[in-house]
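S.K.: need coordinates for the below:
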Amino acid sequence: MLIFNAAEGPVSRSLNKVILIGNLGQDPEVRSTANGGRVANFSMATSRQWSGQGGDKQEKTEWHRVVAWNNAKGGGSGLADIVERYCKKGDKVYVEGRIEYRSWQDREGQTRYTTEIIAQDLILLSGRSGGGEGGSPAPKAAASAPAAKAGKEGESFDDFPEALDGQDDDLPF
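M.R.: Residues are numbered from 1 along each chain as shown. Predicted coordinates for the structure are as follows:
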């Protein structure tokens, strides 16, 4: 089977794509690199629930390390800037990206490993400052920024209030 993309021609037969919806476990850490780039790092929790054999409710929370870079091409706000400006502990976000595995040597010479989600798209789902706990609505710029896909241009959560009516998760933050 050969798949074509109108803009790029033949498409690769491999795929590395991750889609997560969850809550930030801590405020993002944002720093600048030596070459002037910016990167935001944050932890994100996703949970799943099921009924055990005895009918009792079970839940498991998974933690993910997410890295959001500013796009070096073009101007405007990149993902790291959006994360720094609008995201904080407890906020619900949609992240789409790819998974990456890295290893390095620590100070004692031990090999360390990490798994990261490299964010390519980010959608703010809380729609309110304070992790959806009330407060003022998130600025429309966050939902319609070019690097943070949010549907059609100019749309925001204010245009679709029913999108914010979901039940809150019982997460430890």
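S.K.: average pLDDT across the biggest helix by length in the chain?
M.R.: When every helix of the chain is counted residue by residue (DSSP state H), the longest turns out to be helix 79-86. For helix 79-86, mean pLDDT is 94.
S.K.: tell me the contacts of the closest residue to residue 62 other than its chain neighbours?
M.R.: Using Cβ to Cβ, 6 or more residues apart in numbering and skipping residues adjacent in sequence, the residue nearest residue 62 is residue 46, 5.2 Å away. For every residue, glycine as well, the C-beta is placed using N, CA and C. By Cβ atoms under 8 Å, 6 or more residues apart in numbering, the residues touching residue 46 are 20-22, 61-62, 64.
S.K.: turn those into CSV, including secondary structure.
M.R.: Supplementary listing: the contacts of residue 46 in CSV, determined by DSSP: H, G, I helix; E, B strand; the rest coil:
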residue, secondary structure
20, strand
21, strand
22, strand
61, strand
62, strand
64, strand
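S.K.: go through those and say which is closest to residue 41.
M.R.: Minimum distance to residue 41 across the contacts of residue 46 is 11.3 Å, recorded for residue 64 (Cβ to Cβ).
S.K.: what residues are bridge-paired with the residue lying closest to that closest one once chain neighbours are set aside?
M.R.: Sequence neighbours aside, residue 44 is the residue nearest to residue 64 in space, at 4.7 Å (criterion: Cβ to Cβ, 6+ apart). Assessed by DSSP bridges, residue 44 has beta-bridge partners residue 24, residue 64.
S.K.: can you count the residues close to residue 44?
M.R.: As a burial measure, the neighbour count of residue 44 was computed by other Cβ atoms under 10 Å and equals 23.
S.K.: ok, it touching residue 26?
M.R.: No - if you go by Cβ atoms under 8 Å, residue 44 and residue 26 don't touch, sitting 9.7 Å apart.
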